[in-house]
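Trainee: dropping a prediction and its sequence here:
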Amino acid sequence: MKKLLTLFAAGALLLGLASCGKSEAKKLRVGVSIPAADHGWTGGIVWSAEDAKKRLEAANPDLEIVISTARDAAEQVSRIENLMVRNVNALVVLPQEPGPLTNVCEAARKQGIFLVTVDRGLDKPVQDVNVAGDNAGFGRAAAQAIAGALDGKGDILVMEGIPCVVNTDRVTAFREEIAKHPGIKVLESQSAYWDTEKGLKLMENFLQKYKKIDAVWVGDDDVLLGAMKALKESGRKDVKLMLGGGGSKHVVKMVLDKDPIVNMTVTYPPKMIEEGIVAAIAGLRNGGKAADGKTKIVMPSEIVNAENAGEFYFADSIY
């Protein structure tokens, strides 16, 4: 069974929409503001938003979902202002950066627009609902997977993301979990900034510096591709596991094909944007209040391995 809880939520929502009849004839307009697809995970966000739009609008003629992408925070502020001019009833925002987006989101909320933030919070909690991934759970799951694969013994390296709260939550939880296994030594932890090329260069440096490496926690599937390129070019055979994260199509396919080194990954589901859209529509149907009082929705991270990879692989996804 596909692990897409959003589809169950969406299904229930569609039944509610269908039962509203003529009393709900007025068009509901939901604006979705997200970063442009400049990274594997944001590509997944864009794909998921467009996929949700097609399915939800097809099933509900009285629903309009307007998707707007932006290359940076300044452009995102401008795009949100345009959505406000278009009189959206609800706004679903995945902020490029919390600071620059807080004021415009607060203005939208004061205008009576139901506000859902996704993944990253704002500098002020002005939203009605926040949908987020479990970043601590992401790091914890990765540590448990590595410890299990190494039977609690080995030398490992860590490639961190961009220095921010998300990265801190992940790395802190990872280190706390790894500390439960005294036979595992973290040789070094450096930032690869969630960037493929930086992952390539950092892995090259690690390979030159350390003669024995049992596993690498890469923490991001884009970085993993760069790190794997460096490993293959080196000809080294000592690395038993490289663990990324995010659940990108390309990496899940490697897991599905039983790659000897990339034999598992950790999800950070792009489907959270669909969960945000569903929460926004439900809030509008609930008189402008979070449905069931759920103002915080956390989507768990899961380990993807050869046994369950088929449940997470979507061939038509761009991510």
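Mentor: Received it, and whenever you're ready, just let me know what you need.
Trainee: any idea how far the closest residue to K26 other than its chain neighbours lies from Y313?
Mentor: Taking Cβ to Cβ, 6 or more residues apart in numbering, and ignoring the residues beside it in sequence, K26 has D62 as its nearest neighbour in space, at 7.2 Å. Where you see a C-beta, it was placed from the backbone N, CA and C, and this is true even at glycine. Distance, D62 to Y313, by Cβ to Cβ, to the nearest Å: 34 Å.
Trainee: show me which of those two is the more surrounded one.
Mentor: Using other Cβ atoms under 10 Å as the criterion, D62 and Y313 rank with Y313 on top: 16 against 13.
Trainee: point out where the chain drops to low pLDDT.
Mentor: 1-25, 315-319 (pLDDT under 70).
Trainee: got the domain ranges for it?
Mentor: 5-134+269-301, 135-266 (automatic domain parsing).
Trainee: centre of the chain versus the last one, how much separation?
Mentor: Think domain 135-266. Centroid separation between domain 135-266 and its chain, computed with Cα atoms, centre = their mean, to the nearest Å, is 17 Å.
Trainee: one more: the first one?
Mentor: In terms of Cα atoms, centre = their mean, the gap separating the centre of domain 5-134+269-301 from the centre of its chain is 15 Å.
Trainee: looking at the domains of the chain, which is nearest to N308?
Mentor: Minimum separation from N308 across the domains of the chain (Cβ to Cβ) falls at domain 135-266, 9.1 Å.
Trainee: and the end-to-end length of the closest one?
Mentor: Taking Cα to Cα, to the nearest Å, domain 135-266 runs 11 Å from one end to the other.
Trainee: tell me where this protein has helices.
Mentor: Ranges of helices in the chain, per DSSP state H, are 5-18, 40-59, 73-85, 98-110, 135-149, 165-178, 196-209, 221-234, 249-256, 272-285.
Trainee: what's the angle from the fourth one to helix 165-178?
Mentor: When you say that, I think you mean helix 98-110. If you take axes from the mean of the first three to the mean of the last three Cα atoms, to 10 degrees, helix 98-110 sits at 110 degrees to helix 165-178.
Trainee: including distance to A309, could the domains of the chain go into a markdown table?
Mentor: Below are the domains of the chain laid out as a markdown table (distance: least, Cβ to Cβ, whole Å):
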| stretch | distance to A309 |
| --- | --- |
| domain 5-134+269-301 | 14 |
| domain 135-266 | 4 |
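Trainee: of all the ones you listed, which one is nearest E307?
Mentor: Using Cβ to Cβ, the nearest of these to E307 is domain 135-266, at 9.7 Å.
Trainee: show me what contacts K253?
Mentor: Counting by Cβ atoms under 8 Å, 6 or more residues apart in numbering, K253 touches Y313.
Trainee: i'd like the first residue to be 16 from this point on
Mentor: In the new numbering, first residue 16, that becomes K268.
Trainee: thought P113 was touching T132, still the case?
Mentor: No. The pair T132 / P113 is not scored as a contact, 9.1 Å apart, by Cβ atoms under 8 Å.
Trainee: so for these two, which sits in the more crowded spot?
Mentor: T132 (24 against 17).
Trainee: who does the more buried one bridge with?
Mentor: V108, N145 (DSSP bridges).
Trainee: OK, contacts around it?
Mentor: 108-110, 120, 142, 144-146, 291.
Trainee: compare those residues and tell me which has the most neighbours.
Mentor: Most surrounded of the contacts of T132: other Cβ under 10 Å gives G291, at 31 neighbours.
Trainee: tell me if I'm right that it and Q142 touch.
Mentor: No. With contacts counted by Cβ under 8 Å, G291 stays clear of Q142, the gap being 10.0 Å.
Trainee: G259 and D210: what is the separation?
Mentor: 13 Å.
Trainee: overlap in contacts of the two?
Mentor: V238.
Trainee: of those two, which one has the most company?
Mentor: Using other Cβ under 10 Å, the more surrounded residue of G259 and D210 is G259, with 32 against 18.
Trainee: show me what contacts that one?
Mentor: G259 neighbours (Cβ under 8 Å, 6+ apart): 233-236, 238-239, 266, 277, 280-281.
Trainee: quick check: phi and psi on it?
Mentor: phi -90, psi -140 (degrees, to the nearest 10).
Trainee: quick one: it from E212, how far?
Mentor: Counting by Cβ to Cβ - G259 and E212 are separated by 15 Å.
Trainee: try L240
Mentor: Distance from L240 to E212, by Cβ to Cβ: 10 Å.
Trainee: G59 too?
Mentor: 20 Å.
Trainee: and the two? Which one has more around it.
Mentor: Each of G59 and E212 has its neighbours counted (other Cβ under 10 Å); G59 has more, 26 against 13.
Trainee: many thanks, have a good one.
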